[in-house]
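sequence isn't available, so here's the structure alone:
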């Protein structure tokens, strides 16, 4: 007879148990998502992806409390999402019944612009004027809230409302400057002189990261220092033809390469990530980091030395824009509640809280901010915004341009390509991807 | 006869190599118990100055890690079992049944793995929406059962191709039909290989990121790997929390491996069956 | 048993194309074996083939992931043929095949034999199991986290590797492992070996269970040394596993994306670009879904062709062996 027969019964029992568990598990697993919500006005489904310890995260938590206090009987169903998940799945989710009532979404033509052309976002223009949000949002900041029928930012209907803004500045380690007997630079010439002194003392002055966004932001800023508003409009809003061999870009690329040669930017930064650049500043290894206001909160809590910020000297334009947008999906079931929530986040109370926690609010009361560093952070922003100096980011105009910029700037850092060749490649990629209107 | 002393250098060399393999884990563990300030001040490769477990606790509550663990165990466990079962059925037909054109049949199953996952995203999203399974864990289980079964079919079919014919003939002569031969003879003898498949499928599914990210929208349905993705912000990342989360996420898969690696060795030797 | 009867009754026709008569056997037709394939075939059809056909369909359109796709014929494929960067990146794939298939398989074989035959026998199976777990550990760590940790180890300033080299007096060997375009590829290859080694090891060690210890004993009595026994007994017995592992790792090498992306993002300056990188970024960063579909269709076809070659070799070798044994 079959040799394994005596194992038959035990194996049948194990097999039955296994099948039973499996069936139960699968039944459990077929349970769907938390449902598509209902329009009874009793719940607000809210998604965002800012960390709970960030300025926005904390301000929005307070806004939720305020909302529930002013709307008795209504609960806020908040789900924290990951940035990557929203980035990859927004078109799919917004097209399904799972869409929330209100969510944070990325600004820009490739994201909010694209979805607006597909009719997935609610047109907020009426609410914006009714509730006076447009009066609180400055000209440079509102560029990323309005999209025309082609999905290009800058004009057209309102599709999103930003609570905060971002811009780039020079973070510098005051203690290191004092240690090397260098005064805070007040002009571009003084900045380069300071960097020369650091190099002479054996310190690489600028923290940079070639594998992610920081390096290309140096390049863009250098170009911006020789550019004007019309130049930015041509590049970002397609209002004219962009020539990568014009004076501004040529200056930017050649100066960047020159700075690598002079030792201002380390050659070894070609493979570093943004995190490495930030850590190198916090550790006190790099005296200067040129990057965005998103670092502010972290430096405030982790840097153990005296540090300060100033705007890039002798340049009217700097990188920056309105922050991520509150968008109301077309399929949202409780739009009125969503508008109320946006209103609360735009109120002085929440905006001041955002400023106090290290964010850059769009509509705070300057007198209410007491912390001196936060005060100067917001004051600097108002300066830039006031002179219409927000020049957005270099990777925005063309989808996928970020990777091209990273790759080409890496070549500038390692010296495997000359500035001319790099500009040629950028031109080619830009022309290939720019929308043909 | 070799003297005992001559054996030790081999063991020592292997232990050193094994330690080298483990070094990055130690780094993860070390950073998991550092406070963010320590990490920024001393760099990622320094030793922690104490045990900072707030990061782990915060992360657990922030993403409702308990629920994520349940989801991951549910999905990975179901996929592991189902994919092994599917592989057994397929491999039996291909390896022992020797159906004609088995190269093409194998290629058909291997196709599941040659297709880049990003190509599956939109079609699977569309099909699952039509089937009403969008944003359910079942959809993920179904998709991964098929994807993992590709490897299972391939490996098991190749192994069963070498299965001693005499045993099958003997069973057939005894009057067993194909089904009985499968469950009474082939499966017990193939236990080590099945164990390998079970372990692999569980761990591979546990670490899957792209498809669960796309298919599981509600936070209640998400898996551990998707929850880890929450820590990668648009511009900033939380390094110490990422490491604590990684450690938390790896432990169940590790436990599974350690528990089930005994099955990798517990097989009935061919000689015994003879 | 009843299950087989249910299948025969409920599911309908077995596949005539797959039934055949085995050479030199008086067995009845092989239809019923094909029935075992039915659940698998149906599942694969629904989950893989249909989406693949949908994907190929999308590759003939211009689509951003939302809205209606616009037919564009072969435009995407023509653009792909002109994309020099994409085809150039296949050169790096060859390096990846070495790092992810050739080296781990060879090393895995030696390690498996060492752990199973040598350590297991002389020091007990507990040691072998612990060592195997250590070697397998890299496969358990999510690749995103592994990438972060390796970028710390390979950092140019204060990275563990450079610090170690300095400490043992080899300071001149320090490099910018991930940032130097000339070495970045080799560094990535090294990390990939670390990641992949556990996979062949576990598969081979499980396969070695099948080897009849009496064969080894007999050979040892005959005076055969470890190497000859390894070649003629071990290798011969686990040949199926070797084929499977080599083919599978080659497919993985051609498809590799996550690890490279986390370590170098394809840089510096494209020095570590891989074909899947184009597929991924086109789908998700550029949201050019039509073009991305074309890239992935071409990739699938190429990888399938390579795996078919491997499969054909394998079945031919198996048939030859079968002929010898029968």
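Done, it's in. The structure presented is a predicted model; accordingly, all values stated were derived computationally and were not measured. Numbering: from 1, shown residues only, chains lettered A, B, ... in the order given.

shaky segments in the stretch 51-200 of chain B?
For the stretch 51-200 of chain B, no stretch has pLDDT under 70.

list the buried ones in stretch A:225-242?
With burial defined by 16 or more other CB atoms under 10 Å in any protein chain shown, the residues of stretch A:225-242 counted as buried are A:225-227, A:231-232, A:234-238, A:242. Where C-beta positions appear, they are placed from N, C-alpha and C, glycine not excepted.

dump the residue contacts of residue 158.
This is for chain A. In this structure, residue A:158 makes contact with A:123-125, A:128, A:134, A:142, A:145-146, judged by CB atoms under 8 Å, 6 or more residues apart in numbering or on different chains.

not quite, I wanted chain C
Listed by CB under 8 Å, 6+ apart, the contact partners of residue C:158 are B:43, B:45.

next one: phi and psi at it?
Main-chain torsions, residue C:158, degrees, to the nearest 10: phi 70, psi 10.

out of the contacts of residue A:158, which comes closest to chain B?
Within the contacts of residue A:158, proximity to chain B (CB to the nearest CB) peaks at residue A:145, which comes in at 17.8 Å.

how about the closest one, what does it touch?
By CB under 8 Å, 6+ apart, the contact set of residue A:145 is A:107, A:137, A:153, A:158-162, A:322, A:325.

redo that, cut-off 6 Å
Contacts for residue A:145 (CB atoms under 6 Å, 6 or more residues apart in numbering or on different chains) come out as A:158, A:160.

okay, it: pLDDT?
For residue A:145, the pLDDT comes out at 96.

try the one 5 residues further on
According to the predicted model, the pLDDT of residue A:150 comes to 92.

burial check on it, number of neighbours?
By other CB atoms under 10 Å in any protein chain shown, the residues close to residue A:150 number 13.

separation between it and residue A:327?
Distance, residue A:150 to residue A:327, using CB to CB, to the nearest Å: 18 Å.

what helix or strand does residue C:301 sit in?
helix C:289-325 (DSSP states H and E).

how about that helix and chain B, touching?
Yes: for helix C:289-325, a contact with chain B is found by CB under 6 Å from any CB of the partner chain, at C:296, C:299-300, C:303-304, C:307-308, C:311-312, C:315, C:318.

the residue of the stretch 151-274 of chain B found nearest chain C: what's its closest spatial neighbour, skipping adjacent residues?
Per CB to the nearest CB, residue B:158 is where the stretch 151-274 of chain B lies closest to chain C, at 3.7 Å. Nearest residue to residue B:158 in three dimensions, chain neighbours excluded: residue C:240, at 3.7 Å (CB to CB, 6 or more residues apart in numbering or on different chains).

and residue A:140, by the same measure?
residue A:390 (3.8 Å).

state the distance from the one you found to chain B.
From residue A:390 across to chain B, the span is 17 Å (CB to the nearest CB, to the nearest Å).

shouldn't residue C:233 be in contact with residue C:215?
Yes: at 5.2 Å, residue C:233 counts as touching residue C:215 under the criterion of CB atoms under 6 Å.

rewinding a little: in strands only, show me the contacts of residue A:158.
residue A:146 (DSSP state E).

so who does the residue nearest to residue B:158 touch?
The contact partners of residue C:240, by CB under 6 Å, 6+ apart, come to B:158-159, B:162.

any residue of stretch C:54-73 touching chain A?
Yes: looking at stretch C:54-73 against chain A by CB under 6 Å from any CB, the contacts come from C:65-67.

residue A:309 belongs to a strand?
Yes: counting by DSSP: H, G, I helix; E, B strand; the rest coil, residue A:309 is part of a strand.

where's it relative to residue A:170, distance?
Distance of residue A:309 to residue A:170, computed by CB to CB: 6 Å.
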